[in-house]
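> Here is a sequence together with a model predicted from it:
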Amino acid sequence: MPIYHQILHIAICDDAEKEINEVRKKFYANVDKFEFAGYAEAEGKHHLILLNKKHLRYDQPFAISTIAHEAFHITNFVMKRVGIKPDVNNDEAQAYLLSWIVEEVYKQYKNK
C-alpha cells in the first residue's frame, strides 16, 4: 500500500485448515482454525488477507463479497495505524483504499 507505507500480504489457500502450518510460517495469524472463507489480520505495518478456497467458488458472488468484507477490515486496520479516523462525511480516502485492496486481492484470486 504505497501511499500509506504499509504491506499487504495476500494468501490464497485451497484448504487453509490443511495448510495452517505453512500459513503460520509466513504470516501472523491469530486463530486456531481456518474454518471460514476469509480472514484478515494486521500486525504492525503488515496486513494479511487469507482466502480459503475450500469455502469459495470463483463463479459465486460470495467470493467477491468475502474479498470486500476482508478488505474492509484491512482498510480499518490501515487507517487506525496511520492515524486517520474514518469519517462518514468525508470517506474518500477510505473508499479509495478499499477499492485498491479489493482490486489487488481480486487479481490474485482470479489468477490462482
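On my side now, so go ahead.

> Is Leu50 in a helix, a strand, or coil?
Secondary structure, DSSP: H, G, I helix; E, B strand; the rest coil: Leu50 is strand.

> Burial check on it, number of neighbours?
23 (other C-beta atoms under 10 Å). No exception for glycine: its C-beta is placed from N, CA and C like everyone else's.

> Also the one 5 residues further on?
The criterion is other C-beta under 10 Å. On that basis, His55 has 17 neighbouring residues.

> For the residue nearest to it when sequence neighbours are not counted, which residues are in contact?
Using C-beta to C-beta, 6 or more residues apart in numbering and skipping residues adjacent in sequence, the residue nearest His55 is Ala37, 4.0 Å away. Ala37 makes contact with Leu51, Asn52, His55, Leu56, Phe62, Ala63, Thr66 under the criterion C-beta atoms under 8 Å, 6 or more residues apart in numbering.

> so the last one sits right up against Lys53, yeah?
No: using C-beta atoms under 8 Å, Thr66 and Lys53 do not qualify as a contacting pair, with a distance of 10.5 Å.

> I'd say Asn52 and Gly38 touch.
Yes: the pair Asn52 and Gly38 qualifies as a contact (C-beta under 8 Å) at a distance of 6.9 Å.

> List the contacts of the residue nearest in space to the middle of the chain.
Most central in the chain under C-alpha atoms, centre = their mean is Ile49, positioned 2.7 Å from the mean C-alpha point. By C-beta under 8 Å, 6+ apart, the contact set of Ile49 is 8-11, 38-40, 67, 70-71, 74, 101, 105.

> Report the secondary structure state of Met79.
helix.

> now Leu8
Looking at Leu8 with three-state DSSP, the answer is strand.
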